[in-house]
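Student: The following block contains a protein sequence and its predicted model.
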Amino acid sequence: MAKKASLQRRNKSNAEIPTSSMADIAFLLIVFFLVTTTMNQDKGIGMQLPPAGESKKIQKKNICNIWVNAEGRILINLEEEVPVSQLRRNVEGRLRENQKLIISLKADDETPYNSFIRVLDQIKLTGAERISLATPE
Amino acid sequence: MPDFTRKSNIGSSIPTSSMADIAFLLLIFFMVSTVFVRYRVTGIVLPRAEKIEEIKFRRHITYLWVSADRKVFIDDKVARVEQIAGVFYQRRVENPRLIVSMKCDQRAPYGLVASVLEELRKADALRVNFATDKMR
């Protein structure tokens, strides 16, 4: 008679998951995320453009034209040259006088973008909500 | 004479059993807060401004780059100014809440930026954000 097969387990293998290296793995992943993380970086000056072809007739007294030339010099209403540092106070004064005032920002073709943003930033700082970006002629 | 010998031996090892828990906690924080940089055009120096706002909905953003050497990129592909209206019209149809993040170099000429804005108006992509860095 054939010998009866032994179905009994002979040795008990250890069924535990080794957790000693878990911290190492976690720290490795942390370092990866630390290096690749960039906190929300999409920020800037928000604007809503007018739809194409839309033009409104506005009374002249309700418009404040601000020109920026290629050298970054600022001219208000073709009469008053204002340095950037005083632009905010000047525009704030005009807004106080006329609540309906629309700020129209015109820049030269060759005006550096930096100068344009600097002026736009100052206008935004005044709290003006009606800002128009005129296209260079 | 006083007895200066130490009486009890207090164990001075740092418990490391909870190290993995702490590490995983930090890991989850970084995983949640991480946003990967999707596109990057090299050599663009953004202007600085004070009155800036964050764009909260990243999934609506499309990037438009204007470099100092008068090149225009949509996301990270070079494009001509005339192509902008077509591309953005398509994107505007796909996502009506589209926000265009204008990443223009501070030396870029305003004339080019204005013609890009004009193209965006044609495409009805009217929500624009002039990307800037925070003034220090």
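Tutor: Sure, I can see it.
Student: what mean pLDDT does the host helix or strand of B:I22 have?
Tutor: Secondary structure assigned from DSSP states H and E places B:I22 in helix B:19-33. Helix B:19-33 comes out with an average pLDDT of 84.
Student: Mind listing what's buried along it?
Tutor: Neighbour-count burial for helix B:19-33, with 16 or more other C-beta atoms under 10 Å in any protein chain shown as criterion, is recorded at B:A20, B:A23, B:F24, B:L26, B:L27, B:F30. Backbone N, C-alpha and C define where each C-beta goes, glycine included.
Student: So which residues of chain A form strands?
Tutor: According to DSSP state E, chain A carries its strands in the segments A:43-48, A:63-68, A:74-76, A:80-82, A:102-107, A:131-134.
Student: A:L29 is nearest to which of the ones you listed?
Tutor: Across the strands of chain A, the minimum distance to A:L29, taken as C-beta to C-beta, is reached by strand A:43-48, at 28.2 Å.
Student: Is that closest one in proximity to chain B?
Tutor: Yes: judged by C-beta under 8 Å from any C-beta of the partner chain, strand A:43-48 comes into contact with chain B through A:K43, A:G44, A:I45, A:G46, A:M47, A:Q48.
Student: ok, back up a step: tell me, which of the buried residues of helix B:19-33 make contact with chain A?
Tutor: Counting by C-beta under 8 Å from any C-beta, B:A20, B:A23, B:F24, B:L26, B:L27, B:F30 from the buried residues of helix B:19-33 sit close to chain A.
Student: Isn't the fifth one up against A:L29?
Tutor: In this case it means B:L27. Yes: in terms of C-beta atoms under 8 Å, B:L27 counts as a neighbour of A:L29; the distance is 5.2 Å.
Student: which stretches of chain B have low pLDDT?
Tutor: Across chain B, the ranges flagged by pLDDT under 70 are B:1-3, B:5-9.
Student: Now the buried members of the residues of strand A:43-48 next to chain B.
Tutor: When the residues of strand A:43-48 next to chain B are checked for burial by 16+ other C-beta under 10 Å, the buried set is A:K43, A:G44, A:I45, A:G46, A:M47.
Student: what would those residues look like in CSV with distance to B:Y89 and pLDDT?
Tutor: Written out in CSV, the entries for these read as follows (distance: C-beta to C-beta, whole Å; pLDDT from 0 to 100):
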residue, distance to B:Y89, pLDDT
A:K43, 26, 85
A:G44, 23, 88
A:I45, 24, 89
A:G46, 21, 89
A:M47, 19, 87
